[in-house]
Structures are given as structure tokens and as C-alpha cells.
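Colleague: The sequence and its predicted three-dimensional model are supplied below.
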Amino acid sequence: MATKTAKQMTRAFRNMRALSTSAMKQNTTGISEIRECPFRDMVNTVNDVLTRKKTAISETTTENNIKSFDHVPGPKGLPVVGTLFDYFKKDGLRFSKMFDAYRQRAIEHGPIYKEKIATISTVVISDPNEYQKVIRAEGKYPIRREMEPMAHYRRKNGYELGLVNAQGEEWYQQRTVTSKKMLKMKEVLDFCQPMNDVANDFMEHLKSIRNDNQEISGLEKEIFKWAMESIGTFLFEERIGCFANPTPAKAHAFIDNLRGYFKKMQPLMYNVPVYKIFPTKLWKEFENYANTVMEIGRYFVDKKVKELQSVDSSRAKADDDEVAFLTYLLSQQSLTPEQALSTAVDLLMAATETTSNAILWTLYCLAKNPEVQETLYNETLAGINNEQINADNISKLSYVKAVLKESLRMYPITWATSRITQQDMEVCGYNIPAGTHVQANLYGMFRDDKLFPESDTFKPERWFRGNMDTQLQALSNLVWGHGARMCIGRRFAEQEMHILLTKIVQKFKLEYHHENIEPTLNTVMSPDRPVVLKFVPRTNA
Ligand code: HEM
């Protein structure tokens with residue numbers, strides 16, 4: 001695992017030296033200033049695409065009987081701010097409930113509508129067949145709308161954008177390097193053992209933190225620790241020790257700050273981005289969280305860099321397949337050290353908030369549906385009775401896979417997709433010009449009874465072969481995005497979640513005795529109140 005070719009080591013060391021130097025430079029020079037229009041990045045991305053591919057909308061309209069873009073229905077807004085004030089009215093729409101706003105708008109305006117909220121213009125599609133056209137038209141470099149506050153923070157502070165926000169050739173290079181490790185089935189299956197170890201330790205941890213009523217207060221934070229330990233083990237090739245009592249200070253700070261970071265990012269993403277001109281209170285809070293997240297992310301990466309520098313390169317002999325993730329990333333000539341750092345931090349951030357919320361929702365669904373929980377328990381007993389889960393037996397977990405899919409359908413962590421079209425196209429009978437921001441209304445589709453009968457009921461069986469047509473099966477995958485830019489952590493995430501869920505139901509019966517939980521957005525879809533579950537030990541566990 002820790003060995004590599006001498007050539008790779010040389011490259012890695014060169015990168016590491018550069019990484020340490022640039023880190024120092026950033027610390028001493030501080031924040032870089034903005035010299036241009038604060039909205040330039042957003043405008044530039046769209047203009048670039050438009051310049052490349054634009055054709056006259058009016059021509060298309062008359063030639064093919066396709067209605068022009070202007071005719072796409074949608075809520076009427078005011079000049080400049082668009083529909084922004086709809087989100088500030090008493091009892092109006094809420095940024096923290098955008099998934100609901102999209103659903104309501106779609107019910108009102110139909111399978112395609114357009115809306116301008118301050119500086120964000122979007123076209124929302126709620127017909128899975130029509131959205132296929134967007135998927136099929138994706139080029140080699142799909143463009144997702146950047147997460148503006150995150151990208152602005154990185155530009156302002158001289159950091160690389162990283163895999164999540166980079167575009168074009170720059171994105172492609174980082175993606176190609178990263179996917180070799182993250183999307184290869186063998187590489188991910190090899191990670192079963194460390195995932196089992198983390199999950200086993202988490203089970204012990206859960207036992208120890210239950211109160212007299214067998215409930216766990218602050219379960220969110222505890223599951224976050226699991227998610228961080230799990231991705232940390234993959235990225236840094238060592239255990240962070242998140243389950244120790246007390247939690248290591250760095251891990252503790254990372255968890256607290258990352259949660260704050262995602263919470264503050266949500267309102268910043270939709271509001272007028274005045275923070276680009278002067279630092280609002282909200283921006284300052286976000287920036288503080290971001291500083292700590294970057295600093296701690298950098299600390300973990302630097303720690304690994306120092307360790308690698310102390311390895312005797314003459315002993316090392318291995319190819320890319322055998323070296324662990326960060327070692328591999330740092331040794332890639334096609335990535336600058338800063339790009340490697342930003343991508344590693346992106347993975348750490350993207351992996352924790354998403355999987356921990358997905359697990360929380362799934363546990364909640366299981367607790368609310370005891371019959372489903374029993375079926376799942378019986379399946380795991382028949383397939384894997386307290387054994388380690390490995391590459392051979394993981395295929396027996398078909399029910400746990402259906403449970404997770406169903407939970408992601410009801411509570412899609414990412415509730416809408418995002419693409420900027422790169423060519424003119426027809427959708428729902430309208431011309432959509434190149435450079436338009438288009439989204440699939442995932443939450444709206446997943447909760448549509450016409451597509452998913454009894455859509456508000458948790459029914460994992462609906463995912464079984466023969467129970468659902470293949471197009472709807474494909475629709476469920478959209479929670480991971482699509483095409484060349486689909487979630488790079490999907491395989492990793494599914495595997496670690498399948499393993500943890502199996503272990504939890506084998507050991508505990510879950511109960512929930514409090515008020516119903518509703519979704520809210522902390523960037524990803526999260527429970528709107530503490531998930532106070534009861535973990536009752538199984539007698540044979
Ligand atoms: C429940 C778990 C998760 C869900 C639902 C999820 C969902 C998504 C979605 C929808 C996207 C956008 C894809 C697109 O635009 O087509 C995405 C991108 C991404 N995800 Fe995940 N994700 C999850 C877990 C993870 C994990 C565990 C990691 C890292 C190990 C990760 C890393 C990333 C990265 C780096 C990107 C950007 C990829 C790119 O732009 O090339 N995600 N994720």
C-alpha cells in the first residue's frame with residue numbers, strides 16, 4: 001500500500017515541496033483582491049458557451065415550429081431582482097425549502113418553467129423523458145453551475161477551484177486523475193475491509209453514547225464523525241480517530257465548521273451576491289467557517305506530505321494501482337500541488353455532509369417503517385450474519401440497496417441537477433439556447449404520484465426488478481448526477497452506506513418517538529430537527 005516507483009516518488013516530492021512553499025506564500029501574503037466585476041465569473045462562463053455555440057433563436061422558431069425561449073412559462077418577476085421577493089414574503093417561498101418551491105412552481109407552470117431569482121436564471125424540467133435530451137447533449141466537458149460562494153472564496157484567497165468547481169480542460173484533467181482511483185470497482189471493493197473496520201468501531205461508539213432511554217442526542221454529529229473517519233481513511237491512509245473520547249480537536253473543529261459552512265452557503269447561493277462587493281455579516285460567517293475548513297483540510301494533507309517525504313524512495317516499487325489515494329494524487333504530473341490539495345479538500349467536504357445526511361434519512365425511514373426494518377434485518381441475517389462484508393458477499397445485500405435508493409428518492413440529498421447547455425436544443429417544445437442553466441426537478445419528480453405511485457410512502461420493494469420500468473430506474477440515478485460529471489464518490493458512498501446500514505440493523509432495532517421530521521436545505525437536504533432515534537439492542541447481537 002505505501003510503496004511506489006522511484007519515478008513516482010520523485011514526482012511526489014517535487015509536488016510536495018511546491019505545495020509547502022505555496023502554502024507558506026499564501027499564509028504570508030494573505031487575501032488577494034478582486035479587481036474586476038464581482039459577477040464576472042458567472043457571466044463569463046455563460047458567455048463563453050454562448051459565443052461558441054449560439055444560433056439565432058428566431059430562425060429555429062419559424063423553421064421547426066418550436067416555440068421560442070421567451071415563451072417558456074414561469075413566474076413573472078420584477079426587473080433586475082426577478083422573483084427574489086417571493087422568497088421574503090411572510091408565508092412565502094424559502095431558500096431553505098427550494099425543493100418545495102420547485103415542486104410548487106412545476107405544479108403551477110407545467111413540465112418546463114423558467115425563473116429568475118436575482119442573478120440566477122434557471123429552467124426547471126419535471127418530465128424525465130424531456131430531461132433525457134439534456135443528458136444526451138452533454139459534451140466532453142459538462143458544465144455545472146458553480147457553487148458561487150465556494151468558488152468566490154477560493155478565488156479570493158488564491159486557492160485552486162478543485163474538482164467541484166473547475167470547468168473545461170482544467171476540470172477534465174483533475175477528473176481523469178481522480179476517477180482512476182474512485183470509479184474503478186476493484187479499487188472501491190478493496191476498500192471493504194477498512195470500511196468494515198470503521199463501521200465496527202462506530203457500532204461500539206454508538207453503544208457507548210446511548211442515554212438511559214437508549215436514545216442518542218446529537219446523532220447528526222456522531223454520524224458525521226463516521227463519515228469523516230470513513231473518507232479520511234481512504235484519503236489519508238490512516239485513521240483520524242473521530243470516535244475517541246474526547247474527539248481529536250482537529251476533527252471536532254472540522255466537523256463543526258463544515259456543518260456551519262454548508263448551512264451558510266445555502267442562503268448565499270440564492271441571494272444577490274453583494275458579498276462579492278463588500279463582506280456582509282452572512283459572508284463573514286461563511287468565510288470564517290471556510291477558513292477553518294481549508295486550514296484543517298490543508299493540515300491533514302500537509303501531514304501526509306511530511307510522512308511521504310520521510311519514506312525512503314529507494315525501497316519503493318509499485319504502480320498506480322497499489323498506492324493509496326493521496327500518495328497517488330500528489331504524484332501526478334498532470335496536477336499542480338495546489339490542484340491536488342483543493343481536490344483532496346473537496347473530497348473530504350463532499351463526502352461528509354452528503355453521506356451523513358443520507359444515513360440519517362435512511363435510519364429515520366427505517367425507524368418509521370418497522371416492517372421494512374424487519375425485512376431488512378432478515379435479509380442481512382440470511383445473507384451476512386454478523387460477518388465482515390467483503391467483495392464476495394456484498395452482492396447479497398439487495399434489500400439494503402433498495403432501502404437506500406428509496407430513502408434517496410424520498411429525501412434526495414441533491415434535490416435538483418444542474419447543467420449549462422452547450423448547444424441549442426428543443427425541450428418540451430421550446431427552444432433552449434446554448435448557455436442556459438437547466439435543472440431536473442428531482443424532488444418534484446420523486447414525489448410525483450404519476451411517476452411513483454404512493455410517492456409519500458417508503459416502499460423499497462418498488463425498486464425490485466420487474467416492479468418498475470427501466471426509465472424510472474434510471475431516473476433514480478439522477479440523485480448522483482449524470483454523464484461524465486456524475487458524482488465521483490458514488491461507488492465509495494454506496495458501499496460505505498450499505499456496510500454501515502447492514503451493521504446497524506443487525507445490532508439494533510430502531511425506533512422514533514418524536515414529531516415528524518421535515519427536510520430543509522443546508523446546501524444538501526437535511527433533517528429540520530434533531531433525529532433522536534432509539535437504538536434498542538437486538539437480543540442475538
Ligand atoms: C449520498 C451521497 C452522495 C450524493 C447523493 C452525491 C451526489 C452528487 C451529485 C448530484 C453531484 C453532481 C454530479 C453532476 O453534476 O452530474 C456530485 C458531485 C461530486 N461528488 Fe458526490 N454525492 C455523494 C457522496 C459523495 C462522496 C462520498 C464523495 C467523495 C468521496 C463525493 C464527491 C463528489 C465530487 C468530488 C463531485 C464533483 C464531481 C465533478 O464535478 O466532477 N460525493 N455528488
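Modeller: Cool, got the structure.

Colleague: State the distance from T354 to the ligand.
Modeller: 4 Å (C-beta to the nearest ligand atom, to the nearest Å). (Each C-beta comes from the backbone N, C-alpha and C, glycine too.)

Colleague: Report the contact partners of the residue nearest to that residue when sequence neighbours are not counted.
Modeller: Of all residues not flanking T354 in the chain, I413 sits nearest, at 5.3 Å (C-beta to C-beta, 6 or more residues apart in numbering). Listed by C-beta atoms under 8 Å, 6 or more residues apart in numbering, the contact set of I413 reads T354, N357, A358, W361, V479, V524, M525.

Colleague: Narrow the residues you listed to those in strands?
Modeller: V524, M525 (DSSP state E).

Colleague: Write a ChimeraX command that selects only the buried members of the contacts of I413.
Modeller: In ChimeraX syntax, the buried subset of the contacts of I413 is picked out as below (16 or more other C-beta atoms under 10 Å):
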select :354,357,358,361,479,524,525
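
Colleague: Let me have the contacts of I413 in JSON lines, adding pLDDT as columns.
Modeller: Formatted as JSON lines, the contacts of I413 follow (pLDDT from 0 to 100):
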{"residue": "T354", "pLDDT": "96"}
{"residue": "N357", "pLDDT": "97"}
{"residue": "A358", "pLDDT": "98"}
{"residue": "W361", "pLDDT": "98"}
{"residue": "V479", "pLDDT": "97"}
{"residue": "V524", "pLDDT": "95"}
{"residue": "M525", "pLDDT": "97"}
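
Colleague: what about the residue nearest to F286 when sequence neighbours are not counted, neighbour count?
Modeller: Distances taken as C-beta to C-beta, 6+ apart place K264 nearest to F286, at 4.0 Å, with adjacent residues excluded. Counted by other C-beta atoms under 10 Å, the residues lying close to K264 total 22.

Colleague: Mind telling me which residue of the stretch 201-350 of the chain is nearest the ligand?
Modeller: The nearest approach of the stretch 201-350 of the chain to the ligand comes at A350, 3.5 Å away (C-beta to the nearest ligand atom).

Colleague: Run through the residues that contact that residue.
Modeller: V164, G489.

Colleague: Can you classify it by secondary structure?
Modeller: Classification of A350 using DSSP: H, G, I helix; E, B strand; the rest coil returns helix.

Colleague: Model confidence for it, exactly?
Modeller: Confidence at A350, expressed as pLDDT, is 92.

Colleague: picking up where we left off before, check the gap between the residue nearest to T354 and the ligand for me.
Modeller: 4 Å.

Colleague: Tell me the gap between stretch 255-273 and the middle of its chain.
Modeller: 14 Å (C-alpha atoms, centre = their mean, to the nearest Å).

Colleague: Give the buried residues for it.
Modeller: Buried positions in stretch 255-273, judged by neighbour count with 16+ other C-beta under 10 Å: 255, 257-273.

Colleague: Which residues of the stretch 401-541 of the chain lie near the ligand?
Modeller: By C-beta under 6 Å from any ligand atom, the residues of the stretch 401-541 of the chain that approach the ligand are 413-414, 479-482, 485-489, 492-493.

Colleague: Tell me which two of those residues sit farthest apart.
Modeller: Longest distance between any two of these is 17.9 Å, between H482 and F492; criterion C-beta to C-beta.

Colleague: Next, the residue nearest to T354: secondary structure please.
Modeller: I413 - assigned by three-state DSSP - is coil.

Colleague: Looking at it now. What's its pLDDT?
Modeller: 96.

Colleague: Give me the more crowded residue out of H482 and F492.
Modeller: A side-by-side neighbour count of H482 and F492, using other C-beta under 10 Å, places F492 first with 23 against 20.

Colleague: Quick check: closest non-adjacent residue to that one.
Modeller: V188 (5.7 Å).

Colleague: what sits against the one you found?
Modeller: So V188 contacts M182, R491, F492, Q495 (C-beta under 8 Å, 6+ apart).

Colleague: switch the cut-off to 10 Å
Modeller: Taking C-beta atoms under 10 Å, 6 or more residues apart in numbering, we find V188 in contact with 181-182, 195, 234, 391, 489-496.

Colleague: What of M468?
Modeller: Here M468 is in contact with L451, F452, E461, R462, L475, S476 (criterion: C-beta under 10 Å, 6+ apart).

Colleague: Buried ones among those residues?
Modeller: Using 16+ other C-beta under 10 Å, the buried members of those are L451, F452, R462, L475, S476.

Colleague: Look at the closest residue to the third one other than its chain neighbours and report its pLDDT.
Modeller: Pointing back at R462 there. Spatial nearest neighbour of R462, chain neighbours left out: M468 (5.7 Å); criterion: C-beta to C-beta, 6+ apart. Note for M468: predicted pLDDT of 83.

Colleague: M468: what secondary structure?
Modeller: coil.

Colleague: Check the gap between it and the ligand for me.
Modeller: For M468, the distance to the ligand - C-beta to the nearest ligand atom - is 19 Å.

Colleague: Equivalent analysis for I420, please.
Modeller: Distance from I420 to the ligand, counting by C-beta to the nearest ligand atom: 11 Å.

Colleague: got it, and P530?
Modeller: Taking C-beta to the nearest ligand atom, one finds P530 at 20 Å from the ligand.

Colleague: got it, and F69?
Modeller: Applying C-beta to the nearest ligand atom to F69 and the ligand gives a distance of 23 Å.

Colleague: Kindly report the same for P537.
Modeller: Using C-beta to the nearest ligand atom, we find P537 at a distance of 27 Å from the ligand.

Colleague: cool, and E379?
Modeller: For E379 relative to the ligand (C-beta to the nearest ligand atom), the value is 21 Å.

Colleague: Surely that residue and K396 touch.
Modeller: Yes: using C-beta atoms under 10 Å, E379 makes contact with K396 at a distance of 8.0 Å.

Colleague: what are the ranges of the strands in this protein?
Modeller: Going by DSSP E, the chain shows strands at 112-117, 120-125, 419-420, 425-427, 430-432, 437-440, 508-512, 519-522, 524-527, 533-537.

Colleague: Make a markdown table out of those strands and add distance to R94.
Modeller: Below are these laid out as a markdown table (distance: least, C-beta to C-beta, whole Å):
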| stretch | distance to R94 |
| --- | --- |
| strand 112-117 | 12 |
| strand 120-125 | 15 |
| strand 419-420 | 25 |
| strand 425-427 | 27 |
| strand 430-432 | 28 |
| strand 437-440 | 18 |
| strand 508-512 | 25 |
| strand 519-522 | 9 |
| strand 524-527 | 13 |
| strand 533-537 | 26 |
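
Colleague: For the residue of the stretch 1-150 of the chain found nearest the ligand, which non-adjacent residue is closest in space?
Modeller: The minimum distance from the stretch 1-150 of the chain to the ligand, using C-beta to the nearest ligand atom, falls at R144 (4.4 Å). Spatial nearest neighbour of R144, excluding adjacent residues (C-beta to C-beta, 6+ apart): S418 at 4.8 Å.

Colleague: Also L451?
Modeller: M445 (5.8 Å).

Colleague: Next, count neighbours for that neighbour.
Modeller: 28.

Colleague: Name all residues that make contact with it.
Modeller: Counted by C-beta under 10 Å, 6+ apart, M445 has contacts 102-103, 106, 111, 125-128, 131, 409, 412, 416, 451-452, 455, 472, 475-476, 478.

Colleague: Phi first, then psi, for the spatially closest residue to L442 that is not a sequence neighbour.
Modeller: In space, and not counting its chain neighbours, L442 is closest to P412: 4.9 Å by C-beta to C-beta, 6+ apart. According to degrees, to the nearest 10, the main-chain angles of P412 amount to phi -70, psi 110.

Colleague: my guess is P412 meets F446, correct?
Modeller: Yes: between P412 and F446 a contact is recorded at 5.9 Å, counting by C-beta under 10 Å.
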